[in-house]
Structure formats: C-alpha cells, structure tokens
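Below is the sequence, then the predicted model.
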Amino acid sequence: MTITAEMVKALREKTGAGLMDCKRALSDSSGDLEKAIDILRQKGLATAAKKSSRVASEGLIGSYIHMDKLGVLVEVNCETDFVARTDDFKGLVKDIAMHIAAANPAYVSRENVPLDVIEREKEIYRAQVANKPPQVVEKILEGKLEKFYSDTCLLDQVFIKDPEGKLKIKDLITEKIAKVGENIIVRRFARFQLGEGLDKGAACE
C-alpha cells in the first residue's frame, strides 16, 4: 500500500523515530501503525526521543582536515565516557565533521537561527510572491523557510554519505541514540577555509 506523509508524521509523533525509520517500519507493516510501532520498539528506535532530555556532558571533539585547505572542529556530546570511546560514536563524530566540511552549514539547528535572520528571509520571500493571495503566501513562506533550514542548519541537512539522498543528520543521530542507548547532541562546530574572508585584491595592491 501507499505510505502517505500523514502516516509517517503520525508514527513519528508517537515514537520520535527518524523519518526514514518510520517509512521503513510502515512499509514492513503494510501501513499498520501499531505493528510499525512494535517494529520500531524492537529496534530500540521508538525510545530514542525519550533520551533527548537527558544530560549529555561527555563526548568528543572531532576534527577533519581536507587537503590542508579546509578544516572542521565539532563537539558532539553523549552521556558517558564509555560511549564516547566506542567505535560507533567515534564514527558518528567523524561523519558529522566530514559532512560539515562538505555541506558548510551555518547553524547547528533551526533553533539556533537568530530571529532577525528569519525575518529577513521572510521579507525576501514575501517580496517574491507579493502578487499571490495571503493564504497562498503563507504556504509558500513555510515551504521556502523549510528549504532555508535544510540548506543552512546542520541537523536539517541531508547526510552527504546517504546514497538515497534522504537521511538527514538528525535522523542519523536518532539512529545512533537508539543503538548506543544514550542521548547524543551536536553542541557546536567551527569550519575554517583557507583564505576565507580575505580581500585578496587588496592584498595585491
């Protein structure tokens, strides 16, 4: 049967599992919501959301250097030093650092985007659709903001190593939470590119 966006949304609200995990569970259960919940619970994915409120003060600072011209530092937190030293967690931190190098996000999450930046984006979008009916404008603004978040916010970006181009960083983290049994948070990152911000023309004068 066809798995609709509404079905996926309902399952995510009930379990907190990632988008792709919910789609797979619904597909495996032929669209049966309760069976899909059971599938996610068996995999440990349905409990991942419950761990999101737990304090994560351990973890690692990961790094990635590309051809000595681009570098990334990222702090990823978990709950215990034991998990921080596992290959699973180290692999996640490395993947996130590599993703930041390639995708160049500006913020960790949409909650980190300053309100003035969001308002400026909205003004630009409103000017682009000024001739549309108000109810249509709001729908367009909503869609354009989602696109803005997916372009600029790390957690909303599609993971560069996902062959299907669907798995978001937040879903990748949710899967890892389910596997290791601890809350995991990307706290902050810094990305450096050689010569970035320099006025090369002025330097040659």
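Thanks, I have the structure now.

So, low pLDDT: which residues of this protein?
45-53, 200-205 (pLDDT under 70).

Tell me which residues touch C22, please.
By C-beta atoms under 8 Å, 6 or more residues apart in numbering, C22 lies in contact with V8, L11, R12, T15, A36, L40. Where C-beta positions appear, they are placed from N, C-alpha and C, glycine not excepted.

With secondary structure added, can I get the residues you listed in CSV?
Converted to CSV, the contacts of C22 look like this (DSSP: H, G, I helix; E, B strand; the rest coil):
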residue, secondary structure
V8, helix
L11, helix
R12, helix
T15, helix
A36, helix
L40, helix
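
Please parse this structure into its domains.
Domain assignment for the chain by automatic domain parsing gives 1-53, 54-113+153-195, 114-150.

so how far is the last one from its chain's centroid?
Using C-alpha atoms, centre = their mean, to the nearest Å, the distance from the centre of domain 114-150 to the centre of the chain it belongs to is 21 Å.

got the end-to-end distance for that domain?
Separation of the first and last residues of domain 114-150 by C-alpha to C-alpha, to the nearest Å is 16 Å.

Stretch 71-88 too?
End-to-end span of stretch 71-88 (C-alpha to C-alpha): 22 Å.

So which residues make contact with that stretch?
54-65, 89, 92-93, 96-98, 100-101, 176, 179-192.

Pick out whichever of the contacts of C22 sits closest to A106.
R12 (25.6 Å; C-beta to C-beta).

That closest one: neighbouring residues, count only.
18 (other C-beta atoms under 10 Å).

so how far is L70 from the closest residue to it other than its chain neighbours?
Closest residue in space to R12, ignoring its immediate chain neighbours: C22 at 5.2 Å, by C-beta to C-beta, 6 or more residues apart in numbering. To L70, C22 is 35 Å away according to C-beta to C-beta, to the nearest Å.
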